[in-house]
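Asks: give me a model of this one.
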Amino acid sequence: MPRRLLLPSIILLACSIAFAASRVGAQTAKTAGTFEGHTDVGTVLHSGSVLYDPDKQSYTLSGSGENMWFAADAFQFVWKKMSGDVTLTADISFLTKTGNEHKKAVLMFRQSLDADSVYADVALHASGLTSLQFRDEKGALTREIQANVSAPKRLRISKRGDYVYMAFGGDGEVQPAGGWLRIPLQGTFYVGLGVCSHDKDVVEQAVFSNVQLVQPSAASGEPVLYSTLETVAIDSADRRVSYLSQGRFEAPNWTPDGSAFLFNREGRLERLAVNGDKPVPIETGLATRCNNDHGISPDGTQLAISDNSQADHESLVYTLPITGGAPHRVTEKSPSYWHGWSPDGKTLAFVGERDGDFDIYAIPVEGGQETRLTRAKGLDDGPEYSPDGKYIYFNSERTRHMQIWRMKPDGSEQEQVFSDDLNNWFPHISPDGQWMVFLTYQPDVTGHPENKDVMLRLMSLADKKITVLAKLFGGQGTINVPSWSPDSKRLAFVSYMLLPGEK
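Replies: The predicted structure is shown next:
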């Protein structure tokens, strides 16, 4: 009997050795190049693969998957476990131009291999659309910031501390392209490349070449500030970069005809076409220290500005033609900061400090007697008329936390719009009167400082339901003044980035 079992035993042992060898070979293939392994994340009908070319330092990924969006992802992922600060850079191209225009090739940071994991990626779509996609809570919906360039040759995703941002380049240096989002990646996380066909029945391929994966040394110089003008759609909460520049600019207005944005930078006002990339200065005459309290008349012909260049160098309110020109002084007393224009164009609402108290005032657009509208203890700020002229909305700290209030245009019937434990600033009412957007700081933040993690929140004025429209790094300068698109579908704002400096 023992002799009769010998041959089957040998066959079984040989099969086991062969199976083990195949597993070793598979693992060797998975760990080729910079990365440690690869896998299909989520539900896919066709297994993905990766082919590494050491001579070209390139990876050809084949991947299926219905999408990388909503609350779950499905894609092929080649990865390495890392922690701390990371930068991943690559040239990306698709092998074919066929297939779904939203098939994606991505550079990704991901907390886990779960389909609904926290993650951030820089995604190149076959259509050329390029965006920073992210899910900042496990199981939450994916959001994105669309870049203002199409199909860049070289893409980068960077993590610095708790923040992630995207950068692009051609044959030259890679430049920041927006983002600077707080993404809660804890401890060890996955870093790698991914492909999704955006069609569950199809396998697509993308090539990642000149791949660089580095962990940068600690910054030794002062952080470098970048400002990004973005828009956000209120129906999807998806964001798009309109303009990015090193340095600080603030407080966008959206022109009533929908054609341009206005913002202030270094004491001047600038105009940027909605699809443009080069702002042009607006002539403001003697007003050379304009601050971030400025806005456009309902008929689109005039500007109201707040400027610190004259008299005792405290802010005064002026008006001037929207095309530029000599400013007309409206307020005699200072400091005065413009915030609202009545729908009939006849009255301005502003914040004035008088005898140590900041309150809300109204004044004829031509100038004259100012009328005090609030008298409660504590700062009152940010007055803005509703489109129908029935109310002035404003923010007040009379209840300790900064909260949103409203009153009749004569100052009567002052009432709190809602109550929470956060600090809420600068209410802006949509042109159709259906929505209110406002800036929210955490409870421990005093005032409205710059360079903070903040939220833009949206309230339906019909039922007072509040949703988070965007989380960003900003604060002062983000949304001080009205910035709705004329169709009430989008909102303009400024986010900021503090990139590590080098000596």
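
Asks: and the pLDDT at Ala362?
Replies: For Ala362, the model assigns a pLDDT of 98.

Asks: over to the one 10 residues further on?
Replies: As predicted, Arg372 sits at a pLDDT of 98.

Asks: can you tell me how far it is from Asn395?
Replies: According to Cβ to Cβ, to the nearest Å, Arg372 and Asn395 sit 17 Å apart. Yep, even glycine has a C-beta here, placed from its N, CA and C like the rest.

Asks: Tyr163 too?
Replies: Taken as Cβ to Cβ, the span from Tyr163 to Asn395 is 27 Å.

Asks: which one of those two is surrounded by more residues?
Replies: Per other Cβ atoms under 10 Å, whichever of Tyr163 and Asn395 has more neighbours is Asn395, with 23 against 19.

Asks: the helix or strand where that one lies: partners in the sheet, and parallel or antiparallel?
Replies: Here Asn395, judged by DSSP states H and E, is contained in strand 392-399. Within its sheet, strand 392-399 is paired with strand 380-385 (antiparallel), strand 401-407 (antiparallel), according to DSSP bridges.

Asks: can you give me the buried ones in the last one?
Replies: Okay, so that is strand 401-407. Met402, Gln403, Ile404, Trp405, Arg406, Met407 (16 or more other Cβ atoms under 10 Å).

Asks: quick revisit: quick check: which of the strands paired with strand 392-399 is nearest to Ser83?
Replies: Of all the strands paired with strand 392-399, strand 401-407 sits nearest to Ser83, with 37.0 Å by Cβ to Cβ.

Asks: how many other residues sit next to the closest residue to Pro321 other than its chain neighbours?
Replies: Spatial nearest neighbour of Pro321, excluding adjacent residues (Cβ to Cβ, 6 or more residues apart in numbering): Gln302 at 6.2 Å. The tally of other residues near Gln302 (other Cβ under 10 Å) stands at 19.

Asks: pretty sure Gln302 is touching Thr319, no?
Replies: Yes - taking Cβ atoms under 8 Å as the definition, Gln302 is a contact partner of Thr319 at 5.4 Å.

Asks: what ranges do the helices span in this structure?
Replies: Applying DSSP state H to the chain gives helices spanning 2-30.

Asks: can you list the domains in it?
Replies: Using automatic domain parsing, the domain parsing of the chain gives 35-214, 221-501.

Asks: ok, the buried residues of strand 401-407 vs Gly63, which is closest?
Replies: Ile404 (46.4 Å).

Asks: list the contacts of the closest one.
Replies: Tyr393, Phe394, Asn395, Gln416, Val417, Phe418, Asn424, Pro427, Met436, Phe438 (Cβ atoms under 8 Å, 6 or more residues apart in numbering).

Asks: so how do I select the buried members of those in ChimeraX?
Replies: Filtering these down to the buried ones (16+ other Cβ under 10 Å) takes a single ChimeraX command:
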select :393,394,395,417,424,427,436,438
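
Asks: got JSON lines for the contacts of Ile404, with distance to Asn253 too?
Replies: Listed next are these as JSON lines, based on distance: Cβ to Cβ, whole Å:
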{"residue": "Tyr393", "distance to Asn253": "17"}
{"residue": "Phe394", "distance to Asn253": "18"}
{"residue": "Asn395", "distance to Asn253": "19"}
{"residue": "Gln416", "distance to Asn253": "27"}
{"residue": "Val417", "distance to Asn253": "23"}
{"residue": "Phe418", "distance to Asn253": "26"}
{"residue": "Asn424", "distance to Asn253": "21"}
{"residue": "Pro427", "distance to Asn253": "16"}
{"residue": "Met436", "distance to Asn253": "17"}
{"residue": "Phe438", "distance to Asn253": "17"}
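
Asks: low pLDDT regions in the stretch 201-350 of the chain?
Replies: Nowhere does the stretch 201-350 of the chain drop to pLDDT under 70.

Asks: what ranges does it have for its strands?
Replies: Ranges of strands within the stretch 201-350 of the chain are 204-214, 221-233, 239-246, 250-254, 260-265, 268-273, 280-282, 295-296, 302-307, 316-321, 328-329, 336-341, 347-354, based on DSSP state E, counting those that start in this stretch.

Asks: same list (those strands) but as JSON lines, adding distance to Gln133.
Replies: Converted to JSON lines, those look like this (distance: least, Cβ to Cβ, whole Å):
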{"stretch": "strand 204-214", "distance to Gln133": "16"}
{"stretch": "strand 221-233", "distance to Gln133": "15"}
{"stretch": "strand 239-246", "distance to Gln133": "11"}
{"stretch": "strand 250-254", "distance to Gln133": "24"}
{"stretch": "strand 260-265", "distance to Gln133": "25"}
{"stretch": "strand 268-273", "distance to Gln133": "26"}
{"stretch": "strand 280-282", "distance to Gln133": "33"}
{"stretch": "strand 295-296", "distance to Gln133": "34"}
{"stretch": "strand 302-307", "distance to Gln133": "37"}
{"stretch": "strand 316-321", "distance to Gln133": "42"}
{"stretch": "strand 328-329", "distance to Gln133": "48"}
{"stretch": "strand 336-341", "distance to Gln133": "35"}
{"stretch": "strand 347-354", "distance to Gln133": "39"}
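
Asks: which one of those strands lies nearest to Ile145?
Replies: Between the strands of the stretch 201-350 of the chain, strand 239-246 lies closest to Ile145; by Cβ to Cβ that is 4.4 Å.

Asks: that closest one - contacts with which helices or strands?
Replies: With contacts taken as 3 or more Cβ pairs under 8 Å, 6 or more residues apart in numbering; DSSP states H and E, strand 239-246 sits against strand 143-146, strand 175-182, strand 221-233.

Asks: which residues sit against that strand?
Replies: Counting by Cβ under 8 Å, 6+ apart, 143-148, 176-178, 224-233, 261, 272, 274, 276-277, 279, 470, 492 sit against strand 239-246.

Asks: can you say which of those residues are buried?
Replies: If we count by 16+ other Cβ under 10 Å, the contacts of strand 239-246 have these buried: 143-148, 176-178, 225-232, 261, 272, 279, 470, 492.

Asks: next, Gly345: phi, psi?
Replies: Taking degrees, to the nearest 10, you get phi 80, psi 10 for the backbone angles of Gly345.

Asks: separation between it and Leu469?
Replies: Taking Cβ to Cβ, one finds Gly345 at 29 Å from Leu469.

Asks: tell me which of the two has more neighbours.
Replies: Taking neighbours as other Cβ under 10 Å, Gly345 and Leu469 compare with Leu469 leading, 21 against 13.

Asks: looking at that one now. What's its pLDDT?
Replies: Looking at Leu469, the pLDDT reads 98.

Asks: next one: Ile11
Replies: In this model, Ile11 carries a pLDDT of 33.

Asks: try Arg4
Replies: Confidence score, pLDDT, at Arg4: 34.

Asks: try Ala18
Replies: 36.

Asks: likewise Arg23?
Replies: On the pLDDT scale, Arg23 gets 31.

Asks: same check on Pro54?
Replies: Predicted confidence (pLDDT) for Pro54: 92.

Asks: what's the answer for Gly42, then?
Replies: 98.

Asks: isn't it right next to Phe75, touching?
Replies: Yes - Gly42 lies in contact with Phe75 (Cβ under 8 Å); the separation is 6.9 Å.

Asks: what is in contact with the two at once?
Replies: Gly65.

Asks: so which of the two has more stuff around it?
Replies: Regarding Gly42 and Phe75, a neighbour count based on other Cβ under 10 Å identifies Phe75 as having more, with 29 against 20.

Asks: bridged to the nearest residue to the more buried one once chain neighbours are set aside, which residues?
Replies: With Cβ to Cβ, 6+ apart as the criterion, Phe75 has its nearest non-adjacent residue at 3.8 Å, and that residue is Cys196. The partner list for Cys196 in beta bridges (DSSP bridges) reads Lys104.

Asks: contacting residues for Cys196?
Replies: Contacts of Cys196 by Cβ under 8 Å, 6+ apart are 63-65, 67-68, 73-76, 103-104, 106, 204.
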